[in-house]
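Colleague: Kindly generate the corresponding structure for this input.
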Amino acid sequence: RTSVSSTDPALERHCSRFNARVDEIISRLRDSLVGREVPLVDADSTDADSPACQREFWVSDTFFRATDRYISARVKIYAYNGGAHGMTYFHAFNYDTRAGEFMDNARLLDYTRKADVEKLLDARLDNPDGCFTDRPRLGNSTAVNFSAGEMIFTYPPYALGPYSCGAAEIVVPLKELGKAVKARL
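Modeller: Residues are numbered from 1 along each chain as shown. Okay, here's the model as predicted:
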């Protein structure tokens, strides 16, 4: 369970709101996956007419920033419901406690400077074996987070290349992004 808290009562209200939003997204995704009609059979089953299907659902989080002003966390969700492999999903949760609002990518970045940002993403993509075949773009990054000095762009499997390449994380210093960053991070 992803959770932040504070001993300051005013800040704790924001932490509770943040936690509730994260829990809502995780629960909604879990419920949508569990609701699918996939037969479940114990591994020890001998019923030849029932296909065996193990389900998996796990969640992990990474906090990039948690201060009295900002919370920036990435939640990684892996779900397997049968088939060749499971799927990995990333969700960014960026929250401004002073404004009492979640910040989407458009609030973080000036999209009129999209070309400049994408040049930086191209330059910073770690792809030594050439596995990724697509260029990183703002549109195919599912999670954009920030720390005190950098912005982190996360691309799920399939966004930049085959599933076997895995996910990609590109870190760009805020100084390099310059005026493309709208919020005062």
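Colleague: pLDDT averaged over the lengthiest helix in the chain, what's the number?
Modeller: When the chain is parsed with DSSP state H, its longest helix is helix 9-34. Across helix 9-34, pLDDT averages out at 87.
Colleague: List the buried residues for that helix?
Modeller: 11, 14-15, 17-19, 22, 25-26, 29, 33 (16 or more other CB atoms under 10 Å). Glycine gets a C-beta too; all of them are placed from N, C-alpha and C.
Colleague: want to throw the residues you listed into CSV with distance to Thr112?
Modeller: Formatted as CSV, the buried residues of helix 9-34 follow (distance: CB to CB, whole Å):
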residue, distance to Thr112
Leu11, 34
His14, 30
Cys15, 33
Arg17, 30
Phe18, 29
Asn19, 34
Val22, 30
Ile25, 29
Ile26, 34
Leu29, 32
Leu33, 38
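Colleague: List just the nearest of those residues to Thr97.
Modeller: His14 (4.4 Å; CB to CB).
Colleague: OK, contacts around the residue lying closest to the closest one once chain neighbours are set aside?
Modeller: Once flanking residues are discounted, His14 sits nearest to Thr97: 4.4 Å by CB to CB, 6 or more residues apart in numbering. Each residue near Thr97 by CB atoms under 8 Å, 6 or more residues apart in numbering is listed here: 11, 14, 68-71.
Colleague: redo that, cut-off 7 Å
Modeller: 11, 14, 68-70 (CB atoms under 7 Å, 6 or more residues apart in numbering).
Colleague: cool, Arg107 as well?
Modeller: Going by CB under 7 Å, 6+ apart, Arg107 touches 182-183.
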